[in-house]
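Q: This is the structure alone, sequence omitted:
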């Protein structure tokens with residue numbers, strides 16, 4: 001989403017239509033929306049903000065907006081918001097699909113594991129940092145990087161990208177059952193890394209050691225853990241010093257030991 005675009009209030013009520021357990025680490029939930037959503041298929045790495053009901057009252061209360069369409073959070077409301085990726089959107093049915101990564105704790109994980117058809121959650125925002133019709137993207141090879149939390153939006157990006165776009169993707173998952181074979185059928189340059197339990201991430205090393213042709217025409221987009229995101233930005237800057245300043249977009253999707261709101265997604 002371009003910086004000069006104003007935020008548009010959404011405050012949509014999403015209702016669960018179906019639930020599918022893809023693996024022990026992934027739950028796919030399909031929602032209907034009580035409002036028509038604007039989801040640009042050219043977005044790269046689209047995200048959305050979900051608002052969960054107040055656990056004390058079980059009521060879903062939406063925030064207000066000021067004259068500039070900036071959200072005004074009520075007490076305790078911001079702590080019930082979580083950022084997720086857009087996995088799929090059907091414009092004809094106005095249905096939205098979200099893949100939830102299963103963690104040991106967390107408001108979103110607990111909600112997804114207990115969700116049933118008819119349950120509701122709020123949608124208060126959505127967008128993307130960049131899109132395929134931006135000149136800084138269309139003229140370069142796109143390199144998508146992410147752990148399992150960013151895998152849904154990487155899949156969305158690849159499935160909706162222009163046919164003539166040159167792309168490579170590096171995705172690290174927690175188990176071989178998390179690998180999406182349907183993505184491999186897209187005949188794109190997809191690299192899957194299965195992270196063994198207790199071992200350090202191999203995602204950054206795999207990306208850094210990969211040799212790309214035409215190194216000065218690369219555009220990196222990634223979503224990973226906060227500390228790894230910082231390390232990856234520095235490593236890519238060091239390896240590709242001639243890239244344009246906007247050619248490396250690595251986002252802190254989450255932070256070890258912290259809930260959302262306790263860290264910045266961009267630093």
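A: Thanks, I have it. From a predicted model like this one, the values you see are computed outputs, not experimental measurements.
Q: what's the burial count for residue 146?
A: In terms of burial, residue 146 registers 27 neighbours under the definition other Cβ atoms under 10 Å. C-beta here means a position set from N, CA and C on the backbone, and glycine is covered the same way.
Q: So in terms of bridging, what pairs with residue 131?
A: Residue 131 forms beta bridges with residue 43, as assigned by DSSP bridges.
Q: how near is it to residue 52?
A: Using Cβ to Cβ, to the nearest Å, residue 131 is found at 28 Å from residue 52.
Q: Okay, strands next: where are they in the stretch 1-150 of the chain?
A: For the stretch 1-150 of the chain, strands defined by DSSP state E, counting those that start in this stretch occupy the ranges 12-23, 26-33, 43-44, 47-51, 64-65, 71-72, 81-85, 88-90, 95-101, 120-127, 130-131, 141-146.
Q: The ones you listed: which one's closest to residue 218?
A: Among those, the nearest to residue 218 by Cβ to Cβ is strand 141-146 (5.4 Å).
Q: ok so, going back, among the strands of the stretch 1-150 of the chain, which comes closest to residue 112?
A: strand 95-101 (3.8 Å).
Q: Neighbouring strands - and their directions - for that closest one?
A: According to DSSP bridges, strand 95-101 has the following sheet partners: strand 26-33 (antiparallel), strand 88-90 (antiparallel).
Q: circling back: take the strands of the stretch 1-150 of the chain and write them to CSV, including mean pLDDT.
A: CSV is the format used below for the strands of the stretch 1-150 of the chain (pLDDT from 0 to 100):
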stretch, mean pLDDT
strand 12-23, 97
strand 26-33, 97
strand 43-44, 92
strand 47-51, 94
strand 64-65, 90
strand 71-72, 89
strand 81-85, 93
strand 88-90, 95
strand 95-101, 96
strand 120-127, 94
strand 130-131, 88
strand 141-146, 94
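Q: Go ahead and confirm residue 113 touches residue 26.
A: No: with the criterion set as Cβ atoms under 8 Å, residue 113 and residue 26 do not qualify as a contacting pair; they are 11.5 Å apart.
Q: Quickly list what's touching both of those two.
A: Between them, residue 113 and residue 26 share these contacting residues under Cβ atoms under 8 Å, 6 or more residues apart in numbering: residue 102.
Q: ok, these two, which is more surrounded?
A: Neighbour tally, residue 113 and residue 26, criterion other Cβ under 10 Å: the higher count belongs to residue 26, 22 against 13.
Q: For that one, list the residues it contacts.
A: Under the criterion of Cβ under 8 Å, 6+ apart, the neighbours of residue 26 are 99-102, 148, 178.
Q: Quickly check those residues for the two that are furthest apart.
A: With distance counted by Cβ to Cβ, no two of these lie farther apart than 100 and 178, which are 12.8 Å apart.
Q: So for these two, which sits in the more crowded spot?
A: When neighbours are counted by other Cβ under 10 Å, residue 100 comes out ahead of the other of residue 100 and residue 178, with 26 against 20.
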